[in-house]
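[1] what's the 3D shape of this:
(chains A, B and C)
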Amino acid sequence: MTEATNVIPLRPPTERRQQRSLLGDAVRRFARNRLAMIGFFILVFLFFLAIFADVIAPYPVDRADFNAVRVLPFTNSAYPLGTDNVGRDYLTRLIYGARTSMLVGLLVPLIGFSVGVTLGALAGYLGGTMDFIVQRLIEVFTAVPPLLIALFMLSVTGSGVGNIIFVLSVTAWIESARLTRAQFLTIREKEFVTSARALGATDARMILTHMLPNIITPLLVSFTFAVPAAIFAEAGLSFLGLGITEPTASWGKMVGSSIGNTIRVYYHLALFPTILVALTMLGFSFVGDGLQEALDPTRSR
Amino acid sequence: MGCPPNCGLASGKPLHKITRFEHEPISAISTNALLSPFPSVLYFMINFLLRRLLALLFVLLIVSVLVFFLMNAVPGGPFSLGERGYTPDALANLERKYGLDKPVWERYLNFLRGAVVLDFGDSFAVAGNPPVTAVIARVWPITLHVGLYTIIVSFGLGFIFGLVAAYYRNGWIDNVVTLIATAGTAVPNFIIATWLLLIFGYQIGWGQPSKWIIPPILGTGNAILSWDYFLPVITYALLPLGLVARYTRASVSDALNADYVRTARAKGLSERSIMFRHVLRNAMIPIITVVLPQIPNLLTGSLFIEVVYGINGLGKFFVTSITNKDYPMIMGLVLLIAFFWSITYLVTDILYALIDPRIRVGGRSRA
Amino acid sequence: MMSSRRARAFAALLIGAVLLAAVVPLFAQDNVDVYGRPLPDDSAPYADQVWTQLCDSTRTESSLSSVVSVYTRICGDAQVFDRFGDSLVDLDENLNLIPAAAESWSVSEDGLTWTFNLRPGQVWSDGTPLTMNDYVASYRFMVDPVNAYDFVWMWQGTIAGWSEAVAGEIPPEEIGMVAVDDLTLEVTTDGPAPYLPGTLYFWPPLQAAALAEFGPDYLLDPATAVSSGPFILTEFVPGDRVIIEANPTYNGYRKPFLREMRGIYGDQLNGSFLAFQNYDIDQVSYVHLSPADFEIVAADPVLSANYRPNFGDFRTDYLLFDTFTAPFDDVNVRLAFAKALDREAIVANVVGEQFAIPAYSFLAPGFPASDTDGSLQSIQGFDCPAAQQLLADAGYADGAGFPAQELKLRGESESRANWFVAAAASISDCLNVDITVNNQEFSAYMEGLLARPTTTQFGAVSYGMDYLDPSNMLGVWVSTGRHSWRNAEFDTLVEEANNFTGDPMERLEMYKAAERILVEDVGGIFLLHRIQGNLFQPYIAGECFRPDNQGVGALHWGNDWCWGSFYITADVANYPTYRSR
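    Numbering: from 1, shown residues only, chains lettered A, B, ... in the order given. Now for the predicted structure:
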């Protein structure tokens, strides 16, 4: 007697379906986004430059060749990207500049956002006295001129990358705090918040897992602006004699020293650092857009 | 409606937050107040504004203390020590002239006494030592003028760009807008200015009658429109334009993808109706948060723009008064800024409440 | 009797002659200045005799007269200040003293009393005569402690009673400056001061009456701004423009051909050359020319012909130390640093040979008592092996253990900061020490430098003369000066020479010996002597450019009379200048 052979075999009960986590989904979606991956690789490249500057750069950062001052790019094989006003190789300066600028451009917004988002979330979510305190803090820090703070800090602790980062961070937290607060004010009335709370979610869990992911869009955009803003704020301080000391290189400073007629002939002094800063910003933009799309499951592609 | 205060008890776990909110600030709206007739809302508004005014004064006081002591702690002073320095006598004379021979707290009290009647003293750094308020009154109008045009150009264009980019998201329009916005914010304005000046030629003497397009209304003062305005406004507007465009694009596309939009479309509402009544309203919050503060920024000017284009405005004083250690001017400007920004934040909060009625500022969550 | 036709013809001729007589003088007057003098043959019409400069809109400013303030002059880097009077003395192109408002002066036997005679007939624009009372009032204003004048150090130790008056011990009326009568001034000095007339180049006076009635700010308002000088104030808007025009009542030594001078506020630092190229201003100083700008100038034959270099105020840029603390208390360390500096390469490449010459001592060539035979060159001259040896001898072989240094700069512009960055790179390259460069703000730097103990361990600065005498330049190095360096022998020599009334050559030898000590004891490392210069538009001409003893034709430092000789040539019609817009 033959048995029916068109019985569909059941999956063995011991074999479990692979867990698909939210994060895994997000990563996959990100990887499929071409622009986001371009941005990602841009950032990886820049980080690589920053971290391995000592190994990659052809010359030491302060090596000045007085016989090769203001060499134009692509004309001299010893100095492929030309030299600056003191005879230092520009390629080297750009590579080391990546280190300084990435440090400043990343750390300042990161510190700013950590503090800002925390304060903004607390203010927006808790309201009342906390909101009052944070709002007043925001107003006070907006009014005190950052230049004055910079002058004071630098007279007390001297100049140097760490001090610059501290000085710039003092005002960097304000925007993210206000953004977060505004978003929280909106979101805390939404239905999913009410339901989460009804289910007994604690404040922390509420903020971190439910509300933050929903307000991430404007925060990401703000971050992508904050990076070049920090780089150029550092350059601005340098002009007033408060920034990074030579021979440390930074893209912002390199751009700024090429004002005037210098640009006509020695275009490389301004062009290359500007390209790199723009690249940084584009990288963060694309990555930010990609993250935005990846983390939001309702978004249509 | 909202959960009554003991709603969390149903789950067996008390909501510890409840006890904290038992003593709510008076300014928080209660549901009752909203349902009550008109005078209660008016009472709330007046109360709210009064509280904010008090808070403003509080902030001004704190800022004045902080900045006064900070600026005196910074090395250097309002007078140059010249090439050869001074004998102790000469130095004492100089310090006496600028009032620096008195202890800091005494000078602060003198300042405070004047500040309450809006007398910030005489500027150290402007020729003739005019009162700080007179200097600000003289130079601010031109900065306001330039700032106003910059706002119109950057906000107007930026908003349009952002909307268009959000609507045609991921299309070629979107990419072009992103590129422009990126360029506007990644390329510093002094590079842009340098190139503009090299192209158009650097002319000194800003605001000459020969360049007027629309002369001044009252016969004196600055022209309503002049060829001189074009370059500074373009240079100045690029950054906020990029900012506004990007934020608009992000918020609007966020809102466009929300469920309620799909619902509205399914219901058959026109695109225009969807845009204006649903999408924009929800997108406005982050836009207002970021974009509105650009206004005081732009209206108080930029050192760089004013120096490069030779505009005799207020913007340069924000930096030069600090580098020149013009103490009275620093205090006057800082308090002006504090006032301006506090008002801006206040307006922002009011706008939040207007746009999204679910938001109540100053109170706790209704949920 | 004439026929009617003839009568009509005669009438027409008469009318024509009358009209011609009326009109021709109008044409002829086109090239006459406000004093009725004819302008030079090749000059443009009087309407075009305007001079425009750029002012810096970011500085502290207080007055159009140096009597009120020197460091906060309105439009300080341009030429519109101090035009409302004449100093007692002036300088010619060889930096010799020449009469200005004073027509002569003499000194007493003991060298303690000087008598200055004012040229008669000079007036203020309100009709009152210019007298020595105005000069005395101005100097009393400068010394009065109430006014806290910022250039008050100039006469301390020179004019009798000056220091005491500054300290408030005696009233300003009792200093050694007395108007014996309207035209005679008597100046008494503490000790013999052969250089005193040079110091009276400073400044054109304020009017005693206006000073008493309105205070020093009378000069800021055209309504009260009286002038006894070649120009008078027409308009002043702070931060916008300064306009002065030729003073028709002027009766002094430098009547101007120029009708008007203007200072327009703008981006002086970065935009001067651009404005110049656009024919918006008439002159650019070397200070506002970047190396790239200068390459454009050098490549253009017209521009380079109109760039007029000169020694200016003999400004020397140098590095300084805190010699009271380690590691720079050891003269070998200082000497090592000095010999590690490759001045020639830096000047040739980074600075540009048109902007400087390498310096091995403090006094620049051409300055009295400067090192004319080059004997000081080898002391601090570049010699890297010797420098390394010196450092090793001091205990820091190959830079090991040498503390990292921070070279502080005094608010230098971008281009100039690069000079010192190069200097730091040169030293650190040779000696293997760590040097960072910190471009501080001007007043913060000076405060740190002058503090005792100083906070500037290693810094860079420049100095240029105030008057042409070594007592001024070398005087900045005495132990009561701004440097943290002390040398008793140097002090004695300079002090002696300052008061020496004997053979001038012997006096100069004393200063030379003093400078040798300065160089050998490495009070400072001298980097370069600046070659200053001004770029003029091609249509500017004047006696100002007549060659000096060295054959150099330029706007020399302190040559106030030049501003009477400048004029715009007719060539200006060929350029699209602001005059025709």
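
[2] in the stretch 1-150 of chain A, what residue comes closest to chain B?
    residue A:143 (3.5 Å; C-beta to the nearest C-beta). Heads up, the C-betas are built off the backbone N, CA and C, glycines and all.

[3] so what's that residue closest to, chain neighbours aside?
    residue B:338 (3.5 Å; C-beta to C-beta, 6 or more residues apart in numbering or on different chains).

[4] which residues touch the one you found?
    By C-beta atoms under 8 Å, 6 or more residues apart in numbering or on different chains, the residues touching residue B:338 are A:139-140, A:142-143, B:59-60, B:63.

[5] so which bits of the stretch 151-300 of chain B are right by chain C?
    Within the stretch 151-300 of chain B, the positions near chain C by C-beta under 8 Å from any C-beta of the partner chain are B:197-198, B:201-206, B:210.

[6] which residues of the stretch 101-250 of chain B lie near chain A?
    So the stretch 101-250 of chain B meets chain A at B:178, B:182-183, B:185-188, B:190-191, B:194-195, B:198, B:243, B:246-247, B:250 (C-beta under 8 Å from any C-beta).

[7] out of those residues, which are buried?
    B:178, B:182-183, B:185-188, B:190-191, B:194, B:243, B:246-247, B:250 (16 or more other C-beta atoms under 10 Å in any protein chain shown).

[8] among the residues you listed, which two are most distant?
    The most widely separated members of these, counting by C-beta to C-beta, are B:194 and B:250 (30.9 Å).

[9] and the closest residue to residue C:91 other than its chain neighbours, what's its pLDDT?
    Of all residues not flanking residue C:91 in the chain, residue C:558 sits nearest, at 4.2 Å (C-beta to C-beta, 6+ apart). What the model reports for residue C:558 is a pLDDT of 89.

[10] now do residue B:235 against chain C, distance only.
    13 Å (C-beta to the nearest C-beta, to the nearest Å).

[11] surely that residue meets residue B:195?
    No. With contacts counted by C-beta atoms under 8 Å, residue B:235 stays clear of residue B:195, the gap being 9.7 Å.

[12] wait, residue C:348 touches residue A:66, no?
    Yes. Between residue C:348 and residue A:66 there is a contact under C-beta under 8 Å: 7.5 Å.

[13] out of those two, which sits in the more crowded spot?
    Taking neighbours as other C-beta atoms under 10 Å in any protein chain shown, residue C:348 and residue A:66 compare with residue A:66 leading, 19 against 16.

[14] let me see the contact set for that one.
    A:87, C:342, C:345-346, C:348-350, C:422, C:426 are the contacts of residue A:66 under C-beta under 8 Å, 6+ apart.

[15] ditto for residue C:162
    With C-beta under 8 Å, 6+ apart, residue C:162 has these contacts: C:143, C:152, C:155-156, C:175-176.

[16] quick one: average pLDDT of stretch C:466-473?
    Stretch C:466-473 carries an average pLDDT of 91.

[17] report the mean confidence score over stretch A:275-287.
    85.

[18] just the CA trace of that stretch, in CSV.
    Extracted in CSV, the C-alpha atoms of stretch A:275-287 (Å, rounded to 0.1, in the frame of the first residue of the first chain):
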residue,chain,number,x,y,z
ILE,A,275,36.3,70.7,-0.8
LEU,A,276,37.2,68.6,2.2
VAL,A,277,34.9,70.5,4.5
ALA,A,278,32.1,70.3,2.0
LEU,A,279,32.8,66.6,1.6
THR,A,280,32.6,66.1,5.3
MET,A,281,29.3,67.9,5.4
LEU,A,282,28.0,65.9,2.5
GLY,A,283,29.1,62.7,4.1
PHE,A,284,27.2,63.5,7.3
SER,A,285,24.2,64.7,5.2
PHE,A,286,24.0,61.5,3.3
VAL,A,287,24.5,59.3,6.3
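
[19] that one near chain B anywhere?
    Yes. Judged by C-beta under 8 Å from any C-beta, stretch A:275-287 comes into contact with chain B through A:277-278, A:280-282, A:285.

[20] need the residues you listed in CSV (columns: distance to chain C, neighbour count and secondary structure).
    Converted to CSV, those look like this (distance: C-beta to the nearest C-beta, whole Å; neighbours: other C-beta atoms under 10 Å in any protein chain shown; DSSP: H, G, I helix; E, B strand; the rest coil):
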residue, distance to chain C, neighbour count, secondary structure
A:277, 19, 26, helix
A:278, 23, 17, helix
A:280, 24, 24, helix
A:281, 25, 26, helix
A:282, 28, 21, helix
A:285, 31, 27, helix
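
[21] what lies in contact with stretch C:341-356?
    By C-beta under 8 Å, 6+ apart, stretch C:341-356 touches A:66-67, A:69, A:85-87, C:286, C:291, C:294, C:298, C:307, C:309, C:317, C:319, C:357-360, C:380, C:382, C:384, C:418-419, C:422-423, C:426-427, C:430, C:525, C:527-531, C:533.

[22] what about 7 Å?
    With contacts defined as C-beta atoms under 7 Å, 6 or more residues apart in numbering or on different chains, stretch C:341-356 is touched by A:66-67, A:69, A:86-87, C:286, C:291, C:294, C:309, C:357-358, C:382, C:418-419, C:422-423, C:426-427, C:525, C:527-531.

[23] end to end on that stretch, go ahead and measure it.
    Chord length of stretch C:341-356, first to last residue, is 16 Å (C-alpha to C-alpha, to the nearest Å).

[24] check stretch C:549-559 too.
    By C-alpha to C-alpha, one end of stretch C:549-559 lies 15 Å from the other end.

[25] the contacts of residue C:162 in helices, which ones?
    residue C:143 (DSSP state H).

[26] any buried residues in the host helix or strand of the residue nearest to residue A:143, and which?
    Counting by DSSP states H and E, the element that carries residue B:338 is helix B:327-355. The neighbour-count check on helix B:327-355 (16+ other C-beta under 10 Å) flags B:327-342, B:344-346, B:348-349, B:351-353, B:355 as buried.

[27] how about the residues of the stretch 201-350 of chain C by chain A?
    Within the stretch 201-350 of chain C, the positions adjacent to chain A are C:270, C:273-274, C:290-293, C:296, C:342, C:345-346, C:349-350 by C-beta under 7 Å from any C-beta of the partner chain.

[28] which SSE is immediately downstream of the helix ranked longest in chain A?
    Secondary structure assigned by DSSP H gives helix A:90-126 as the longest helix of chain A. As assigned by DSSP H and E, the chain's next helix or strand after helix A:90-126 is helix A:128-143.

[29] helix B:327-355 and that next one, what's the angle between them?
    Helix A:128-143 runs at 140 degrees relative to helix B:327-355, counting by axes from the mean of the first three to the mean of the last three C-alpha atoms, to 10 degrees.
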